[in-house]
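Asks: Give the three-dimensional model of this entry:
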Amino acid sequence: MKRTYVSAESAPTQEDARLPRAHEDQGGAEGPQAQAGQRPETADCLTGRFPRSERLTSSAEIQALFEQGKRIDRLALTVLWSAAERSRRVGFAVTRQIRGAVQRNRARRRLREAFRAARDAAPGRVTLVVIAKRGALDESLPALTAQLRDALGAIPGMRTPA
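Replies: Below is the predicted model:
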């Protein structure tokens with residue numbers, strides 16, 4: 001049997017592979033990557049975060065709204081509300097009729113974005129739970145925002161300036 005010697009060293013290249021070549025794109029990040037300080041947008045144009053100070057975090061408060069809160073129904077959503085001593089806070093829920101975690105989370109994200117756009121229509125001292133129905137996934141984001149703005153406008157109370 002004849003043995004062949006194969007070197008473990010790689011052949012020298014003309015350029016260092018870690019350095020960009022002249023024909024490669026030298027521009028910054030494009031597409032889904034955002035510039036520093038900016039958050040990327042999703043396919044539904046959802047942006048930013050919802051501040052914790054404006055969220056309902058106590059399960060007891062949420063349960064109280066389900067049991068004793070007043071109800072406003074719209075095609076794609078339901079708003080449960082009650083007057084509050086503190087500034088406006090909101091929680092988001094999704095009906096069990098929306099199957100699958102991906103779809104439920106998408107509906108919840110769409111509700112949050114619609115609320116960001118329509119929050120000036122709600123009174124300043126109110127506690128809310130916004131519940132997504134099946135139609136929340138079918139409606140366009142502007143139509144969902146309009147439905148939420150209409151529902152929030154039906155709540156009596158002092159509005160906060162935009």
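
Asks: Now do the helix or strand harbouring Val102, average pLDDT.
Replies: Secondary structure assignment for Val102, by DSSP states H and E: helix 101-118. Helix 101-118 shows a mean pLDDT of 92.

Asks: And it, what does it pack against?
Replies: Applying 3 or more C-beta pairs under 8 Å, 6 or more residues apart in numbering; DSSP states H and E, we find helix 101-118 packed against strand 89-94, strand 126-132, helix 135-138, helix 141-153. Glycine gets a C-beta too; all of them are placed from N, C-alpha and C.

Asks: Please work out the angle formed by the directions of that helix and strand 126-132.
Replies: Interaxial angle, helix 101-118 versus strand 126-132 (axes from the mean of the first three to the mean of the last three C-alpha atoms, to 10 degrees): 140 degrees.

Asks: Which positions in helix 101-118 come out as buried?
Replies: Arg104, Arg106, Ala107, Arg108, Arg109, Arg110, Leu111, Arg112, Glu113, Ala114, Phe115, Ala118 (16 or more other C-beta atoms under 10 Å).

Asks: Can I get that helix in PDB, CA atoms only?
Replies: Provided in PDB are the C-alpha atoms of helix 101-118 (Å, rounded to 0.1, in the frame of the first residue of the first chain):
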ATOM      1  CA  ALA A 101     -50.600  30.000  21.200                       C
ATOM      2  CA  VAL A 102     -49.200  31.700  18.100                       C
ATOM      3  CA  GLN A 103     -52.600  33.100  17.100                       C
ATOM      4  CA  ARG A 104     -53.500  34.100  20.700                       C
ATOM      5  CA  ASN A 105     -50.200  36.000  21.100                       C
ATOM      6  CA  ARG A 106     -50.600  37.700  17.800                       C
ATOM      7  CA  ALA A 107     -54.100  38.800  18.800                       C
ATOM      8  CA  ARG A 108     -52.800  40.100  22.100                       C
ATOM      9  CA  ARG A 109     -50.000  42.100  20.300                       C
ATOM     10  CA  ARG A 110     -52.500  43.600  17.900                       C
ATOM     11  CA  LEU A 111     -54.700  44.700  20.800                       C
ATOM     12  CA  ARG A 112     -51.700  46.300  22.600                       C
ATOM     13  CA  GLU A 113     -50.800  48.200  19.400                       C
ATOM     14  CA  ALA A 114     -54.400  49.300  18.900                       C
ATOM     15  CA  PHE A 115     -54.500  50.500  22.500                       C
ATOM     16  CA  ARG A 116     -51.300  52.500  22.100                       C
ATOM     17  CA  ALA A 117     -52.900  54.300  19.100                       C
ATOM     18  CA  ALA A 118     -56.300  54.800  20.800                       C
END
